[in-house]
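S.K.: Kindly return the folded structure for what I paste below:
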Amino acid sequence: MLQINSFDLYQILIYAFAWTTLYFVLCLCNSRRSYEWHCRMVTVVHATLISSLAIYITFLHGPWPFTDAGGPNTPLQVRTVSLCLAYFLFDFSWCMYFKTEGPVMVAHHFLSIVGLTWCLMAGRYGTELVATIGGAEITNPLLQLRWFLRETGYYRGTIWGHLVDWAFMLSFGFIRIVLGSMLLYSYYQQNTDFWGRLGGTAIYSIGWIFFIGILNYAIRKYVRIYKNWVKATSPGDKSSEDDSSTNRNVKEEGIGVIPEREIPSQREIKNGVAPLTPRESLVVRDCPGEN
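M.R.: From the prediction side, this is the model:
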């Protein structure tokens, strides 16, 4: 079987088979959920496992990436990087098959696969790479939790949605931007080579792209929430007064209310799909969420 330095194709294929098996087991055990749901469950398992291993290697096992980067890979680093590479091969294949990701995420997956493979084949860079993937994956469960909340209807307009959003934004900014900047700066001060610096800079740049997108989303979201709050609490809001007046007239005159969506279109009336019923005692009311 192909083996170059610490790159063991046989080991990576076994790990990739394990991730794929976990995905299919989840699909069989809970067939009511979508394929993406189960893929994201595998992502949570991977992120939890890899970030735990990375924390142990970085803070307890060593070497320390801020002072001893660029050295040869240790056996535990090889095992962690191989496990992570196998997951990215699985997830990249899944994304390509279902066409769920945009160009930035595809580029992130591709660079991750190239970087992890190069680390194993070169037999070095494990110290800094394990710290990098640990910092990248430790915030991933929050991102997946946000998606699960949206799928189950517990995200929009709930305290849980706001807590997860803020926890993800703050942790992402601190780990990927603040600590990432410090690690990249120290990496350039150490006796490291061109390829290690190129890979570190590329992953760091993608982190900034993600963070800018996160900030843009947060600004749009909370500006919209603030405008809606101001509009709802404004005492001189003309639309609110008009709605209140209409509600009073409807109540006083005993006029029935029919939602606008229940009125048949001209095409439905012409084709006989919906009956045309008398509307003399009814008033049309726009329904919330129609647009």
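S.K.: got the CA positions of stretch 181-197 in PDB?
M.R.: C-alpha atoms of stretch 181-197 as PDB (Å, rounded to 0.1, in the frame of the first residue of the first chain):
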ATOM      1  CA  SER A 181      -3.100  36.400  13.900                       C
ATOM      2  CA  MET A 182      -0.800  35.700  16.900                       C
ATOM      3  CA  LEU A 183       0.000  32.200  15.700                       C
ATOM      4  CA  LEU A 184       0.800  33.400  12.100                       C
ATOM      5  CA  TYR A 185       3.000  36.200  13.400                       C
ATOM      6  CA  SER A 186       5.000  33.900  15.600                       C
ATOM      7  CA  TYR A 187       5.200  31.400  12.800                       C
ATOM      8  CA  TYR A 188       6.900  34.000  10.600                       C
ATOM      9  CA  GLN A 189       9.400  34.700  13.400                       C
ATOM     10  CA  GLN A 190      10.400  31.100  13.700                       C
ATOM     11  CA  ASN A 191      12.700  29.000  11.500                       C
ATOM     12  CA  THR A 192      10.000  27.900   9.100                       C
ATOM     13  CA  ASP A 193      10.000  27.400   5.400                       C
ATOM     14  CA  PHE A 194       8.100  28.900   2.400                       C
ATOM     15  CA  TRP A 195       5.500  26.100   2.000                       C
ATOM     16  CA  GLY A 196       4.500  26.200   5.700                       C
ATOM     17  CA  ARG A 197       4.100  30.000   5.600                       C
END
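S.K.: any idea how far that stretch is from the chain center?
M.R.: 28 Å (CA atoms, centre = their mean, to the nearest Å).
S.K.: can you give me the strands in the stretch 51-200 of the chain?
M.R.: Here the stretch 51-200 of the chain has no strands by DSSP state E, counting those that start in this stretch.
S.K.: show me where it has helices.
M.R.: 75-98, 103-122, 126-137, 140-152, 159-172, 180-189, 194-233 (DSSP state H, counting those that start in this stretch).
S.K.: Show me what the shortest one is packed up against.
M.R.: By that I understand helix 180-189. Helices and strands touching helix 180-189, by 3 or more CB pairs under 8 Å, 6 or more residues apart in numbering; DSSP states H and E, are helix 126-137, helix 194-233. In short, each C-beta sits where N, CA and C put it, glycine included.
S.K.: helices or strands next to the longest one in the packing?
M.R.: Here helix 194-233 is seen to pack against helix 103-122, helix 126-137, helix 159-172, helix 180-189 when contacts are counted using 3+ CB pairs under 8 Å, 6+ apart.
S.K.: looking at those helices, which is buried most?
M.R.: helix 126-137 (a mean of 25; mean count of other CB atoms under 10 Å).
S.K.: and the helices and strands packed on helix 194-233, which one's lowest on average pLDDT?
M.R.: Within these, confidence is poorest for helix 103-122, with a mean of 90 (mean pLDDT).
S.K.: Which residues outside that one are in contact with it?
M.R.: By CB atoms under 8 Å, 6 or more residues apart in numbering, the residues outside helix 103-122 that reach it are 4-8, 73, 78, 81-82, 84-85, 88-89, 91-92, 95-96, 101, 125-126, 129, 133, 195, 199, 202-203, 206, 209-210, 213.
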